[in-house]
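1. can't give you the sequence, but here's the structure:
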């Protein structure tokens, strides 16, 4: 009974707020989100006053979201490479600079559609850099069992702001103009900057040197490319963002052209969407208990399609607001389920890059969709564009026939650090390429099951840094199998060994369990270029004698590979 109570407490959506670091950052981020939404209302409405083009109105949303798609992967790599607290502070400073410059220009009356879009892009760039550092640091602020609730709470933070921010923004714009909306955003960044500055993050530095930025980006892309579950989640996220982005992109035009309202009506409509999103976030745990990931996403897509159609056909603010509450709830549920799926699938060393890819998918979908919906609206009108979006959303669950959502379980925890293998040859960090060969002796009746397991081992090796992987069977001795793969350098090999998660280590042990005989599997680690460059000369000194990587002491859970 005690264990059940603990599990219920961990599942409760408010459980992460018991941890002071998370609570302070969450409250400050709520204010920051409030400011960002107020600025969004001011920017969108200012654009409607400067131009009648639906294309340019929709481009405000694109300018805020496009940076997430363009720089999210470098931002994720930076979040994994450096202190995430420092990265978050620098990114917020960039966003604050953009918001301050926009305020000053608007106050001086120098704002134009182009400058408005440019400074929205600067603010969006700061938040794009901030996102992966902030989201990947959540797991450092709360225990693993409360992580899904913490993810939901972060979504609630944004959507509480979305419930009240647009309405407040509409009032601010109506009474004091867009300048006041831009200034509000700049001021509300300050509490989050202060809280992050005072946060004393526990940082466990790696004993291995930091990756370079370009290599870190490649490592992140390689991990995602070899992770089928993450690839599926990202593809479904991109589709949901592209189709569902019509609501936020065309909301100013819904308020102006369909409801014949002003800035306050626009704010109230966005507030209804945000209120629905809060309702959706509060029910994430219940949805996860009652429905599989695929069933939940299908239900969200069908409900979203119906809500978008209702927005297109309604001419009454009350009915439109009710439809937006439903749209907000199912949108939040879908995005949170995608987010949780990525967070629980990615190990800590690549968490920032995986979340950056998720952000790029959702933001890229919204940015591309906003541009497309704006062009379509110019051609056929707001109502028809929204009806097209609704029809495509109704059809989107068919993707589940090919891209079925993976089962979301517990977090894939990092495994214990392995001891470095014994070496007799002096090695530098740059020594390589390294070739690893592992020999298994497998009973012939187990050949096919062993080969099936090794296909999963291949993905595991490749996503953690190996390349050129192969598995071969000896034609003279059918029981003898040889696994072979490369790592670019000795340092890359040490990283590759220690990036495996607990589930990957269990998979490797499953492969080793097929091995016959009293002797362990045989491993060879060979240096392909023992004297460095292929252009070495006889008189070139062996630099390994002067620069040797330290060998770690033995660690629990040591493995032969």
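-> That came in fine, so what should we check first? Here the structure is a predicted model, which is why all the values come from computation and not from measurement.
2. Tell me where the stretch 251-400 of the chain has helices.
-> Per DSSP state H, counting those that start in this stretch, the stretch 251-400 of the chain carries helices over the ranges 263-282, 284-290, 293-313, 317-345, 351-380, 382-395.
3. and of those, who's closest to residue 465?
-> Among the helices of the stretch 251-400 of the chain, helix 351-380 comes nearest to residue 465, with 13.3 Å by CB to CB. (Glycine included, C-beta is placed from N, CA and C.)
4. so for the closest one, what's the average pLDDT?
-> Helix 351-380 shows a mean pLDDT of 86 in the predicted model.
5. For the remainder of this discussion, apply numbering that starts at 31.
-> Taking 31 as the first residue, the last one we looked at is helix 381-410.
6. Check the offset of it from the chain's centre.
-> In terms of CA atoms, centre = their mean, to the nearest Å, the centre of helix 381-410 is set 14 Å apart from its chain centre.
7. So which bits of it are buried?
-> Residues 381-404, 406-407 are the ones in helix 381-410 that count as buried (16 or more other CB atoms under 10 Å).
8. Next, count neighbours for the closest residue to residue 508 other than its chain neighbours.
-> Sequence neighbours aside, residue 474 is the residue nearest to residue 508 in space, at 5.7 Å (criterion: CB to CB, 6 or more residues apart in numbering). Neighbours of residue 474 under the rule other CB atoms under 10 Å: 9.
9. do the same with residue 548
-> Neighbour tally, residue 548, other CB under 10 Å: 4.
10. Also residue 452?
-> Neighbours around residue 452, by other CB under 10 Å: 7.
11. quick one: it is in a strand?
-> No. With DSSP: H, G, I helix; E, B strand; the rest coil as the criterion, residue 452 is located in coil rather than a strand.
12. Relative to residue 555, how far out is it?
-> 10 Å (CB to CB, to the nearest Å).
13. would JSON lines of the helices of the stretch 281-430 of the chain with distance to residue 257 be doable?
-> Formatted as JSON lines, those follow (distance: least, CB to CB, whole Å):
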{"stretch": "helix 293-312", "distance to residue 257": "26"}
{"stretch": "helix 314-320", "distance to residue 257": "21"}
{"stretch": "helix 323-343", "distance to residue 257": "16"}
{"stretch": "helix 347-375", "distance to residue 257": "7"}
{"stretch": "helix 381-410", "distance to residue 257": "8"}
{"stretch": "helix 412-425", "distance to residue 257": "27"}
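14. what's the distance between residue 355 and residue 333?
-> 11 Å.
15. nope, residue 187 is what I meant
-> 23 Å.
16. More neighbours: which of the two?
-> Using other CB under 10 Å, the more surrounded residue of residue 187 and residue 333 is residue 187, with 22 against 18.
17. Might you report the residue contacts of the residue nearest to the more buried one when sequence neighbours are not counted?
-> Sequence neighbours aside, residue 60 is the residue nearest to residue 187 in space, at 4.7 Å (criterion: CB to CB, 6+ apart). Contact partners of residue 60, counting by CB atoms under 8 Å, 6 or more residues apart in numbering, are 187, 190, 191.
18. This completes my enquiry, with thanks.
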